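[1] I need the structure of the sequence given here:
(one chain, ligands or ions: 2)
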Amino acid sequence: MGNFCFPIWHLRNCLYYFCFQPLCSNSVPLHSISRVFSKTRVLHSKAMLQEEEGKPSVAAAKLRVPHVLTVAGSDSGGGAGIQADLKACAERGVYCSTVITAVTAQNTVGVQGVNIVVEDFVREQLKSVLSDMHPDVVKTGMLPSPGIVKVLCQSLKEFQVKALVVDPVMVSTSGDVLAGPMMLASFREELLPMADIVTPNLREASALLGGVALETVADMRSAAKSIHDIGPRNVLVKGGDLPASSDAVDVLFDGKDFYEFRSSRIKTFNSHGTGCTLASSIAAELAKGSSVFSAVKIAKRYVETALDYSRDILIGGGQQGPFDHFMKLKGNSMKSTRRPFEPSDLLLYAVTDSRMNKKWGRSIRDAVKAAVEGGATIVQLREKDADTGDFLGAAKACLEVCRHHGVPFLINDRIDIALACDADGVHVGQSDMPVRVARTILGPDKIIGISCKTPEQAEKAWIDGADYIGCGGVYPTNTKENNITVGLDGLKKVCLVSKLPVVAIGGIGISNVKPVMELGAPNLEGVAVVSALFDRESILVETEKLRRVIIDSTKAVK
Ligand SMILES: Nc1ncnc2c1ncn2[C@@H]1O[C@H](COP(=O)(O)OP(=O)(O)O)[C@@H](O)[C@H]1O
Ligand SMILES: Cc1ncc(COP(=O)(O)O)c(N)n1
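    Ligands and ions are numbered 1, 2, ... in the order given. Model (predicted):
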């Protein structure tokens, strides 16, 4: 065994290998198996019926998606194992199925318990997935018994896949044993020779080589070469735990050349699950068709970005926090300033104009601040001529102001800017990015508004998934060239058919807002204005005045 030894406090964990309770020890009764088969037949005839009725059926679906099967342990804390694999594959845009080899009781402090799934049931899970779903790549994580390795190798011989990624998990970041030293022979003799790539960390590489010391990148290179001699096509020795290194260096050996993948070392406690994530991301990229080199490069970049993003998040009280695979959790912790869109947000919609700000000598941030303090209920940044860098800078500054006041902040047209600054949404025109595409890019939560002049456009806006309609120009305006005026009649027609809230726009100001709001048109929630606020000496005062008139004329109608 060389000097690969576990500290004494890990003995408690090793006990599980002798006294674990088999999970699923009862095999499935025969009658339930026959039920599964009869269900399959029912499905087939249903599919045929559906086709006859012109509905989509299982047989009609032809788009195969990249697919990784992970064979690993469950982490109750959700940071590593199966849970990390599912999240990583989802983030990388790959379908992930799961065969669970063990269930761990685990959190940010450590591993409190391990319950190994009986071999026959691991075999059954493997057969279910491999025989029907034909994954492209299999990725392994925690394989807690030699019997499970045997079952896996047999299944892989029976059902061929494009690639096998082996993460030889042995000890968790917390130092708890997940697969004891008795696994080494199975790894070396059975699994590694079948692997397209194996991804040991320093401790695992050392253990596979009988306990050699690994302290430098040069040591990692020679370890990669020695492990390659065991049989895998590629070896990636991970240097996350390399002592005294300012970079996080991983070494790839493909049997011929060495490659060093370097990233900055992120200072964070939230690194639980990095190894699982790296391996499943490599598997995901291989499933998409990448070479091993590209797969490792992309996976490493992804882990670094996600670690950096997650460096400050707080989940659990221990030293091994999970990280944020989707890079979205922080946004939700600022929830107090973000709430779902409400139609009443459209009451007084301030749309910016940089030429007017220039004319009055004020910054976009100050202009937006004055509008919001005066009572604007939603703001749109509309910069038709700005360079991208300036646009983004302005967007970030305005977003800060709007978040502070709990007012939604939208970007005109530029979805990239909205994404880059995490604005609350976008407003698009009929010839900009289609709403359906914008929705796919921005996801379900962001606000999408669209300009509509006709009832047909309003109907389509609803079908396509917009949140509100901007209808106009109600009056002639010089803030938009060649804009056809729809008038109060056109506005009313759109409001009558619309299933979405409507905001009126175009030439509206304090002198002509009353007839708009007094139309009493259904779904009309407010007015959007540019010059009436931003082409005035005091934006704050004008906003207050206009807001009062809108509220009064709305009350008069009701
Ligand atoms: N603090 C860190 N900053 C940046 N990358 C890291 C950090 N810690 C680990 N990594 C990277 O995460 C991946 C997983 O490595 P490692 O943590 O060594 O694996 P394991 O979780 O199996 O111990 C590697 O690509 C490694 O370089
Ligand atoms: C079920 C399971 N599988 C793998 C790991 C390794 O992950 P880490 O090294 O980050 O603790 C783990 N802790 N739990």
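[2] give the buried residues for stretch 125-137.
    By neighbour count on 16 or more other Cβ atoms under 10 Å, the buried set for stretch 125-137 is 125-126, 129-130, 135-137. For the C-beta atoms, the positions are set from N, CA and C on the backbone; glycine is no exception.
[3] nearest to ligand 1 among those residues?
    residue 137 (18.3 Å; Cβ to the nearest ligand atom).
[4] quick one: which of the buried residues of stretch 125-137 sit in helices?
    Assignment to helices by DSSP state H places the following of the buried residues of stretch 125-137 there: 125-126, 129-130.
[5] so which of those is the closest to residue 433?
    Of all these, residue 433 sits closest to residue 129, with 38.3 Å by Cβ to Cβ.
[6] and the helix or strand where residue 275 lies, average pLDDT?
    Applying DSSP states H and E as the criterion places residue 275 in helix 274-288. Averaged across helix 274-288, pLDDT comes to 98.
[7] which elements pack onto it?
    When contacts are defined as 3 or more Cβ pairs under 8 Å, 6 or more residues apart in numbering; DSSP states H and E, helix 274-288 packs onto strand 67-75, helix 81-91, strand 137-140, strand 163-166, strand 234-238, helix 292-309.
[8] could you dump the ones in helices among the buried residues of stretch 125-137 to TSV with pLDDT?
    Listed next are these as TSV, based on pLDDT from 0 to 100:
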residue	pLDDT
125	98
126	98
129	98
130	98
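[9] would you reformat those residues as TSV and include distance to ligand 1?
    What follows is these, written out as TSV (distance: Cβ to the nearest ligand atom, whole Å):
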residue	distance to ligand 1
125	24
126	23
129	24
130	26
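[10] the buried residues of stretch 125-137: which two are farthest apart?
    Longest distance between any two of those is 17.9 Å, between 125 and 136; criterion Cβ to Cβ.
[11] shouldn't residue 399 be in contact with residue 411?
    No. Contact criterion Cβ atoms under 8 Å: residue 399 and residue 411 do not qualify, at 9.2 Å.
[12] quickly find the element holding residue 324.
    Using DSSP H and E, no helix or strand contains residue 324.
[13] how many residues are close by it?
    Residues near residue 324, counting by other Cβ atoms under 10 Å, number 20.
[14] do the same with residue 241
    The number of residues packed near residue 241 is 14, by other Cβ under 10 Å.
[15] try residue 456
    Based on other Cβ under 10 Å, the number of other residues close to residue 456 is 11.
[16] who touches it in this structure?
    Going by Cβ atoms under 8 Å, 6 or more residues apart in numbering, residue 456 touches no other residue.
[17] ok, now the one 5 residues further on?
    Applying Cβ under 8 Å, 6+ apart, one finds that residue 461 lies in contact with 435, 450, 452, 469, 498, 500.
[18] output the longest strand belonging to this protein.
    strand 95-106 (DSSP state E).
[19] show me what it packs onto, helices and strands only.
    Checking 3+ Cβ pairs under 8 Å, 6+ apart, strand 95-106 ends up next to strand 67-75, helix 81-91, strand 111-116, helix 119-133.
[20] now do the same end-to-end measure for stretch 159-166.
    17 Å (Cα to Cα, to the nearest Å).
[21] how about stretch 430-441?
    End-to-end distance (Cα to Cα), stretch 430-441: 17 Å.
[22] list the contacts of the residue of the stretch 251-400 of the chain found nearest ligand 1.
    The minimum distance from the stretch 251-400 of the chain to ligand 1, using Cβ to the nearest ligand atom, falls at residue 275 (2.1 Å). Residue 275 makes contact with 80, 167, 169, 199, 201, 238, 240 under the criterion Cβ under 8 Å, 6+ apart.
[23] at 7 Å instead, please
    Going by Cβ atoms under 7 Å, 6 or more residues apart in numbering, residue 275 touches 167, 199, 201, 238.
[24] residues near the residue lying closest to the third one once chain neighbours are set aside, how many?
    Leaving aside its chain neighbours, residue 201 sits nearest to residue 238 (4.7 Å; criterion: Cβ to Cβ, 6 or more residues apart in numbering). Taking other Cβ under 10 Å as the neighbour definition, residue 238 ends up with a count of 25.
[25] what do you get for residue 63?
    With other Cβ under 10 Å as criterion, residue 63 counts 4.
[26] before we move on, the earlier item: the more surrounded of residue 399 and residue 411?
    residue 411 (29 against 22).
[27] please tell me how far that one sits from residue 206.
    Distance check for residue 411 against residue 206: by Cβ to Cβ, to the nearest Å, it reads 52 Å.
[28] could you pull up the contacting residues of residue 144?
    Each residue near residue 144 by Cβ under 7 Å, 6+ apart is listed here: 73, 101-102, 114, 116, 178-179.
[29] 8 Å instead, please
    By Cβ under 8 Å, 6+ apart, the contact set of residue 144 is 17, 73, 101-102, 114, 116, 178-179, 183.
[30] swap in residue 513?
    527, 546, 549-550, 553.
[31] pLDDT at it, what is it?
    97.
[32] check the one 4 residues further on too.
    pLDDT for residue 517: 96.
[33] distance check, it against ligand 2.
    To ligand 2, residue 517 is 59 Å away according to Cβ to the nearest ligand atom, to the nearest Å.
[34] doesn't residue 527 make contact with that residue?
    Yes. If you go by Cβ under 8 Å, residue 517 and residue 527 touch, sitting 7.2 Å apart.
[35] okay, and the common contacts of the two?
    Common neighbours of residue 517 and residue 527 (criterion: Cβ under 8 Å, 6+ apart): residue 550.
[36] dump the residue contacts of the residue nearest to residue 201.
    199-202, 250, 275, 278.
[37] which of the residues you listed sits closest to ligand 2?
    residue 275 (4.8 Å).
[38] tell me how far that closest one lies from residue 203.
    Distance of residue 275 to residue 203, computed by Cβ to Cβ: 11 Å.
[39] same thing with residue 400?
    45 Å.
[40] do residue 530 as well
    According to Cβ to Cβ, residue 530 and residue 203 sit 63 Å apart.
[41] pick out whichever of those two has more residues nearby.
    With neighbours defined as other Cβ under 10 Å, residue 530 and residue 203 compare such that residue 530 has more, 24 against 14.
[42] who's in contact with the more buried one?
    Per Cβ under 8 Å, 6+ apart, neighbours of residue 530: 351-353, 356, 382, 477, 479.
[43] how much space between the residue lying closest to residue 155 once chain neighbours are set aside and residue 83?
    Closest residue in space to residue 155, ignoring its immediate chain neighbours: residue 126 at 4.2 Å, by Cβ to Cβ, 6+ apart. When distance is defined by Cβ to Cβ, residue 126 is 19 Å away from residue 83.
[44] next one: residue 506
    Taken as Cβ to Cβ, the span from residue 506 to residue 83 is 51 Å.
[45] which of those two has more residues huddled nearby?
    More crowded of residue 506 and residue 83, by other Cβ under 10 Å: residue 506, with 26 against 23.
[46] quick one, phi psi at that one?
    phi 110, psi 100 (degrees, to the nearest 10).
[47] same thing with residue 289?
    The phi/psi pair for residue 289 (degrees, to the nearest 10) is phi 110, psi 10.
[48] what is the burial count for it?
    Here the count is done by other Cβ under 10 Å, and residue 289 has 11 residues near it.
[49] next up, the contacts around it.
    residue 66.
[50] so how far is residue 348 from it?
    Distance, residue 289 to residue 348, using Cβ to Cβ: 52 Å.
[51] which parts of the protein sit against ligand 2?
    72-75, 80-81, 104, 106, 141-142, 169, 172-173, 178, 272-276 (Cβ under 6 Å from any ligand atom).
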